[in-house]
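Asker: Whatever this is, show me its structure:
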Amino acid sequence: MITSTHQKKLEYGDFQTPLELAVKVCEKLIELGVNPDVIIEPTCGVGNFIEAAAKLFKSANKIIGVEINQTYLHELSKRDKIARDTRIDVKHADFYQFDWSSLISNITSNILVLGNFPWVTNSQQGHIGGVNLPNKNNFLLHSGLDAITGKSNFDISEWMLIQVVQLLQNQNACLAMLCKTAVARKLLSYLHSNNLNISDYTTYKIDAKKYFNANVEACLLFCKFDSTSKQYYCDVFNNLQSSSPQRIGYYNNILVQDINSFAKVHSLYNTSKKSQLQWRSGIKHDCSNVMEFKKIKNQLVNGFGEIVDIEDTYLFPLLKGSDVAQNRIHTTERFVLVTQSFVGESTESIQDIAPKTWEYLKSHANYLDNRKSKIYQANPRFSIFGVGAYTFTSWKIAICGLYKKLDFKLVGKLCNKPAVFDDTVYFLSFDDEETANQTFKLLNSPTSKAFYSSLIFWDDKRPIKSSILNSLNLTALANVVKNITAHDHNMTRNLGS
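Answerer: Residues are numbered from 1 along each chain as shown. Okay, the predicted model is just below:
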């Protein structure tokens, strides 16, 4: 059971910055030549960044903190170093309601926006019933299915950072914010896609486990703004002390993990995504207790532990992402109900073709009918997603998107039926084994691995994505591999003669 105090911490993404880290961040900023007249911390919490900034930025003439939590404000008011510093002005206000535009537009001197925005996503807050959210207006302008499924989920800090960088346009200003590394990259993409000004964009990795007891890749994001610069690359340092960065950025409008490596393989980039085999994601049903089964002693058992007696017609062998990643692909005891052969297909025929299956679905309709995602609301009852002709082919090449390894697997039929995957898996589908084998060899070639490695950000929660997988031109890859093989063959022949 979640206590009200713990729920509030979850809702507000409450990772209070230790004073030790706040001091190290301010020391780094001084090393970088940051010398602000006005410092603003938009979510100041118990005031550790306020105290560190007041101590280290002696020439700052104003330090402004904003905080919604009254308990934190009370704690902050009892800190002598803050209470005695006349430069400090702490306001009780909600970030989402505060008039930031008026505050910043009235400052004509050097600004530093400093701090640590909430480390929580809008879907996490929705799960706990949180209300501490910005207006849900699809601010990244995703379209169609993307706008109501996974891509519509965003970090609250991402939304807040976007508001700040918009306010700092054409200002002589710096931004220094602790955030998830993935959020820092998303913000760079936002700046690029909206042609916003940025003169310096740098990240320094921090140990989130040490400072926040959080298992997430995090960093100090440092930005400088002016009225003309548009530097859309990021120098990535391994820590606050490191002096040798790796540069990520845009190559022909493509955000790449390693600019130098991608330059060597950029000719393999697929500019026409519809002209080749498509990587697809596995089946999405959002109700595993009802739709998935294990075969135990030759009986089907659902996620509730119920023994289930249904026809075999709509049952298919299921491989999870962990099965694919750990090479458990030759046998399975897992099965899933695949209620449609394509998205939007009527499910009414199930009651005639497989009446026991239909009765089973109806008996668990309270779970299926109450799935939260909007994608189910305008579709036939008991619908699923991620299904099409590609689901039912005999051969597939699969990879799990969650694992930090380029490890493709060739999967054939299981239990005399096409194997299907959960939605953490991406796959290519084939009707014949020979084509599948040839493509499998291509994807495991050093050239293919080099191409994907230059694009994948391994610290993402789901580092391998369909957009990245589909960016490889398989025809171009086949030609490159063929030429390399021919060259190696000629070299061997010449050495032997």
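Asker: Secondary structure element holding the closest residue to Thr393 other than its chain neighbours?
Answerer: Spatial nearest neighbour of Thr393, chain neighbours left out: Ser429 (4.0 Å); criterion: CB to CB, 6 or more residues apart in numbering. Where C-beta positions appear, they are placed from N, C-alpha and C, glycine not excepted. With secondary structure defined by DSSP states H and E, Ser429 is part of strand 425-430.
Asker: so what secondary structure elements neighbour that strand?
Answerer: Judged by 3 or more CB pairs under 8 Å, 6 or more residues apart in numbering; DSSP states H and E, strand 425-430 is in contact with strand 280-281, strand 395-400, helix 433-443.
Asker: hmm, 6 Å instead?
Answerer: Using 3 or more CB pairs under 6 Å, 6 or more residues apart in numbering; DSSP states H and E as the contact criterion, the secondary-structure elements in contact with strand 425-430 are strand 395-400.
Asker: right, and the helix or strand after the strand it packs on?
Answerer: strand 409-411.
Asker: Residues contacting that following strand, please?
Answerer: For strand 409-411, the external contacting residues (CB atoms under 6 Å, 6 or more residues apart in numbering) are 324, 329, 396-398, 419, 440.
Asker: quick one on the thing from earlier: name every strand pairing with the strand holding Ser429 and say which way it goes.
Answerer: strand 280-281 (antiparallel), strand 395-400 (antiparallel) (DSSP bridges).
Asker: would you list those strands in TSV and tack on distance to Glu158 and mean pLDDT?
Answerer: Rendered in TSV, the data for the strands paired with strand 425-430 read as follows (distance: least, CB to CB, whole Å; pLDDT from 0 to 100):
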stretch	distance to Glu158	mean pLDDT
strand 280-281	23	96
strand 395-400	25	98
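Asker: nearest to Cys219, of those strands?
Answerer: Closest to Cys219 of the strands paired with strand 425-430, according to CB to CB: strand 395-400, at 25.5 Å.
Asker: The closest one to helix 433-443, inter-axis angle?
Answerer: Between the axis of strand 395-400 and that of helix 433-443 there is an angle of 30 degrees, by axes from the mean of the first three to the mean of the last three CA atoms, to 10 degrees.
Asker: Centre of the chain to strand 395-400, how far?
Answerer: Averaging C-alpha coordinates over strand 395-400 and over its chain gives two centres that are 21 Å apart (CA atoms, centre = their mean, to the nearest Å).
Asker: buried set for that strand?
Answerer: Using 16 or more other CB atoms under 10 Å as the test for burial, strand 395-400 gives 395-400.
Asker: I'd like the residues you listed as CSV, with distance to Glu434 appended.
Answerer: Formatted as CSV, the buried residues of strand 395-400 follow (distance: CB to CB, whole Å):
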residue, distance to Glu434
Trp395, 9
Lys396, 14
Ile397, 13
Ala398, 18
Ile399, 21
Cys400, 25
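Asker: what does the strand holding Ser429 rub up against?
Answerer: With CB under 6 Å, 6+ apart as the contact definition, strand 425-430 has outside contacts at 277, 279, 281-282, 321, 324, 390, 393, 395-401, 436, 466, 469.
Asker: Packing partners of the helix or strand Phe262 falls within?
Answerer: In this assignment (DSSP H and E), Phe262 forms part of helix 259-265. Contact here means 3+ CB pairs under 6 Å, 6+ apart; on that basis helix 259-265 packs against strand 246-251.
Asker: sorry, back to before: and of the buried residues of strand 395-400, the nearest to Leu103?
Answerer: Of all the buried residues of strand 395-400, the one sitting nearest Leu103 is Cys400; the distance, using CB to CB, is 46.3 Å.
Asker: Kindly reformat the strands paired with strand 425-430 as TSV containing distance to Ala60.
Answerer: Output for the strands paired with strand 425-430, formatted as TSV (distance: least, CB to CB, whole Å):
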stretch	distance to Ala60
strand 280-281	50
strand 395-400	49
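Asker: quick one on the thing from earlier: what is the neighbour count of the residue nearest to Thr393?
Answerer: The tally of other residues near Ser429 (other CB atoms under 10 Å) stands at 21.
Asker: Ala176 now?
Answerer: The tally of other residues near Ala176 (other CB under 10 Å) stands at 26.
Asker: could you pull out the strands for the stretch 201-350 of the chain?
Answerer: Secondary structure of the stretch 201-350 of the chain, counting by DSSP state E, counting those that start in this stretch: strands at 218-225, 233-237, 246-251, 254-256, 280-281, 292-296, 299-302, 307-308, 315-319, 334-337.
Asker: and the second one, how far out from the chain's middle?
Answerer: Looking back up the chat, that one is strand 233-237. Here strand 233-237 is found 19 Å from its chain centre; the criterion is CA atoms, centre = their mean.
Asker: got the angle for that strand vs strand 218-225?
Answerer: Angular relation of strand 233-237 and strand 218-225 on a 0 to 180 degree scale: 140 degrees, by the same axes, to 10 degrees.
Asker: What is strand 233-237 packed up against?
Answerer: Counting contacts by 3+ CB pairs under 6 Å, 6+ apart, the secondary-structure elements packed against strand 233-237 are strand 200-206, strand 246-251.
Asker: mind listing what's buried in the host helix or strand of Lys356?
Answerer: Using DSSP H and E, Lys356 sits in helix 355-363. Of the residues in helix 355-363, 357-358, 360-361 count as buried by neighbour count, 16+ other CB under 10 Å.
Asker: Now do that helix, average pLDDT.
Answerer: When pLDDT is averaged along helix 355-363, the result is 98.
Asker: Which other helices and strands does that helix contact?
Answerer: By contact count (3+ CB pairs under 6 Å, 6+ apart), the secondary structure elements abutting helix 355-363 are helix 350-353.
Asker: what comes into contact with the helix it packs on?
Answerer: Contacts made with helix 350-353 from outside it, assessed by CB under 6 Å, 6+ apart, are listed as 357-358.
Asker: Would you map out the domains in the chain?
Answerer: 4-251, 280-431 (automatic domain parsing).
Asker: Would you reformat the ones you listed as TSV and include distance to Gln257?
Answerer: Below are the domains of the chain laid out as TSV (distance: least, CB to CB, whole Å):
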stretch	distance to Gln257
domain 4-251	6
domain 280-431	13
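Asker: Where among the ones you listed is average confidence lowest?
Answerer: When those are compared by mean pLDDT, domain 4-251 comes last with a mean of 86.
Asker: For the stretch 101-250 of the chain, which segments count as helices?
Answerer: Counting by DSSP state H, counting those that start in this stretch, the stretch 101-250 of the chain has helices at residues 122-127, 156-167, 181-193, 208-212.
Asker: Val343 is nearest to which of those helices?
Answerer: Relative to Val343, the nearest member of the helices of the stretch 101-250 of the chain by CB to CB is helix 122-127, separated by 22.2 Å.
Asker: right, so the helices and strands packed on strand 233-237: which one is the most enclosed?
Answerer: Among these, the stretch with the highest mean neighbour count (mean count of other CB atoms under 10 Å) is strand 200-206, at a mean of 20.
Asker: Name the strands paired with that strand and say parallel or antiparallel.
Answerer: According to DSSP bridges, strand 200-206 forms sheet pairs with strand 218-225 (antiparallel), strand 233-237 (parallel).
Asker: Glu348 - how many residues pack around it?
Answerer: Close neighbours of Glu348, defined as other CB under 10 Å, add up to 11.
Asker: How about it: what's its closest non-neighbour residue?
Answerer: Beyond its immediate neighbours in the sequence, the residue positioned closest to Glu348 (CB to CB, 6+ apart) is Pro380, lying 7.5 Å away.
Asker: so that neighbour touches Thr347, yeah?
Answerer: Yes. Assessed by CB atoms under 6 Å, Pro380 is found in contact with Thr347 at 4.8 Å.
Asker: higher neighbour count, the two?
Answerer: The residue with more neighbours, out of Pro380 and Thr347 and counting by other CB under 10 Å, is Thr347; that gives 17 against 14.
Asker: any idea how far Leu220 is from the more buried one?
Answerer: 51 Å (CB to CB, to the nearest Å).
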